[in-house]
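1. model this:
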Amino acid sequence: MASIQTTTLHSSSFSRFSSNSVNAAIHVPKLQRVNASLPKIPTTGLTFTDTAKLLLEKNEASSSTQLLQGDLSDSTTSMSTVKLYAILEAIADRVEMHKNIGEQRDNWNTLLLTNMNMITLTATTLAGIAAATSGDSTAPLLALKLSSTLLFCAATGMSLIMNKIQPSQLAEEQRNATRLFKHLQTQIQTILALGKPTEEDVKGSMEKVLALDKAYPLPLLGAMLDKFPAKFEPAIWWPSSSSQFQRQNKTQQGKLQSRNNKNNGWSKELEMKLREVVEVVKRKDLEDYERLGNIALKVNKTLAIAGPLLSGIAAVGSSFVGNGSWAAFVPLMAGSLAAAINGFEHGGQVGMVFEMYRNCGGFFTLLEETIEAMVEEKDVEKRENGEVFEMKVAMKLGRSVTQLKQLASKSASCRAEGIAVDEFASKLF
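-> Below is the predicted model:
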């Protein structure tokens, strides 16, 4: 009886569990067949190691073929890029050299001027003491006269050396070279950033580097520039073929804009405005800096002759101290004037002023040649973009584009009336 009840309980519980159970269905996606074509490898007589070597050799051969084809297609561009980066390294080295040498030569000017004036004033003082004690004893008088004469001779020699090399002018040359090399460095970086450089870019950059080396030499002996030329001439730091180079080597920015702008941004009106700007530069800015440069050159020549001459006269006069009142008067006056003239020439850095005028004259000469070369190019597609070029000219002159147009209009009206324009082209210098 107990067994029948137990069986009944189990069957009833099983039926309840079956009625309350949850049926879950799992759907597995069908996998698609993947047809992979493997290279056929001859297996006869080959081990697993030999088979792996064949696969590796085949993959390396295909990869090297693709790389070789890519290198052949971009060999010219990549080589030009490498060359420009090499030029950039050389320019960076030159910038550092000119900067260091410029600081050194500026120190020369300060130290040599201080020593020379101290020697001159000491010699003048000794000559005065010798004149005051001329009647007391012969031995002290002779010692004072000899010391004064030797010091005046030393001051004369130092004055001749300083006037020959013009340390202040040398320092200004190195400062200008540093600035121009940095400007060239920026130009090359712009070419690399805007697009693929060409062999013409490399050639032009090399010419500009060599022209700067020639315009601002580092050595003093043999290659030093003439500090007292016969007449004032602007500094020339660009290659002689720069006009042709500028026409051929347009920036990538100009090339991209020429596709979207009609006539590459040029018009007859823009050409006439730029020609008027060139006329103002030639008749006002260049003439003014040429006049100032000639004045600075004459003043520097006069002071360079007067300083050593007065020191020499003082040296000769100091040897005659004690022979009369005039003998004491000559070294005192000549020595004092020599110290004053040397202080004005080298302390006032007249040579530096002359070099600054040379550099400004070169700036306007380069601007004139650049505008004329760009306007005279018949094919507008070979020019730089007109709008970009106009903006560059305006920025170089310290003006806005609107002010540049106003200057051109004023110049045209003055020329029509037959009067000279009363305004300089540059507001920067």
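2. and after the host helix or strand of Gly362, which helix or strand comes next?
-> Assigned by DSSP states H and E, Gly362 belongs to helix 350-376. The helix or strand immediately downstream of helix 350-376 is helix 386-396, counting by DSSP H and E.
3. quick one: buried residues of that following helix?
-> The neighbour-count check on helix 386-396 (16 or more other C-beta atoms under 10 Å) flags Gly386, Glu387, Val388, Phe389, Glu390, Val393, Ala394, Lys396 as buried. From N, CA and C alone the C-beta is placed, and that goes for glycine too.
4. can you name every helix or strand that the helix holding Gly362 contacts?
-> Packing contacts for helix 350-376, counted by 3 or more C-beta pairs under 8 Å, 6 or more residues apart in numbering; DSSP states H and E, involve helix 167-194, helix 242-248, helix 268-280, helix 287-318, helix 386-396.
5. try it again at 6 Å.
-> The contact analysis (3 or more C-beta pairs under 6 Å, 6 or more residues apart in numbering; DSSP states H and E) places helix 350-376 against helix 167-194, helix 242-248, helix 268-280, helix 287-318.
6. re earlier: format the buried residues of helix 386-396 as CSV; extra columns: distance to Thr149.
-> Listed next are the buried residues of helix 386-396 as CSV, based on distance: C-beta to C-beta, whole Å:
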residue, distance to Thr149
Gly386, 70
Glu387, 71
Val388, 67
Phe389, 65
Glu390, 66
Val393, 60
Ala394, 62
Lys396, 55
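7. closest one to Arg415 out of those residues, please.
-> Using C-beta to C-beta, Val393 comes nearest to Arg415 of the buried residues of helix 386-396, at 19.2 Å.
8. if I look at that closest one, how far off is Val278?
-> Applying C-beta to C-beta, to the nearest Å, the value for Val393 to Val278 is 10 Å.
9. picking up where we left off before, of the buried residues of helix 386-396, which is the nearest to Met162?
-> Nearest to Met162, judged by C-beta to C-beta, of these is Lys396 at 35.2 Å.
10. would you mind measuring from the nearest residue to the closest one once chain neighbours are set aside to Ala373?
-> Distances taken as C-beta to C-beta, 6 or more residues apart in numbering place Leu367 nearest to Lys396, at 6.1 Å, with adjacent residues excluded. Distance of Leu367 to Ala373, given as C-beta to C-beta: 11 Å.
11. those two: who's more crowded?
-> Leu367 (21 against 16; other C-beta atoms under 10 Å).
12. ok, back up a step: closest one to Ile419 among the helices and strands packed on helix 350-376?
-> Among the helices and strands packed on helix 350-376, the nearest to Ile419 by C-beta to C-beta is helix 268-280 (13.1 Å).
13. any chance of the backbone angles for Ala223?
-> The phi/psi pair for Ala223 (degrees, to the nearest 10) reads phi -100, psi 0.
14. which ones are touching it?
-> For Ala223, the contact set (C-beta atoms under 6 Å, 6 or more residues apart in numbering) comprises Pro217.
15. distance of it relative to Asn359?
-> With distances taken as C-beta to C-beta, Ala223 is found 19 Å from Asn359.
16. how about low-confidence regions in the stretch 201-350 of the chain?
-> Residues of the stretch 201-350 of the chain meeting the criterion pLDDT under 70: 241-261, 323-325.
17. can you pull the buried residues of the host helix or strand of Lys203?
-> Assigned by DSSP H and E, Lys203 belongs to helix 199-215. Of all the residues in helix 199-215, those buried under the rule 16+ other C-beta under 10 Å are Asp201, Val202, Lys203, Gly204, Ser205, Glu207, Lys208, Val209, Ala211, Leu212, Ala215.
18. re the thing from before, want to try CSV for the helices and strands packed on helix 350-376, with mean neighbour count and distance to Lys378 as columns?
-> Putting the helices and strands packed on helix 350-376 into CSV (neighbours: other C-beta atoms under 10 Å; distance: least, C-beta to C-beta, whole Å) gives the following:
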stretch, mean neighbour count, distance to Lys378
helix 167-194, 20, 25
helix 242-248, 17, 10
helix 268-280, 18, 12
helix 287-318, 20, 30
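19. out of the ones you listed, the one nearest Pro234 is which?
-> Across the helices and strands packed on helix 350-376, closest to Pro234 is helix 287-318 (C-beta to C-beta), at 7.7 Å.
20. what's the helix or strand just after the closest one in contact with?
-> Under the assignment DSSP H and E, the closest C-terminal helix or strand after helix 287-318 is helix 325-342. If you take C-beta under 6 Å, 6+ apart as the criterion, helix 325-342 is touched by 116-117, 120-121, 123-124, 127-128, 131, 303, 306-307, 310-311, 313-314, 317-318, 320-321.
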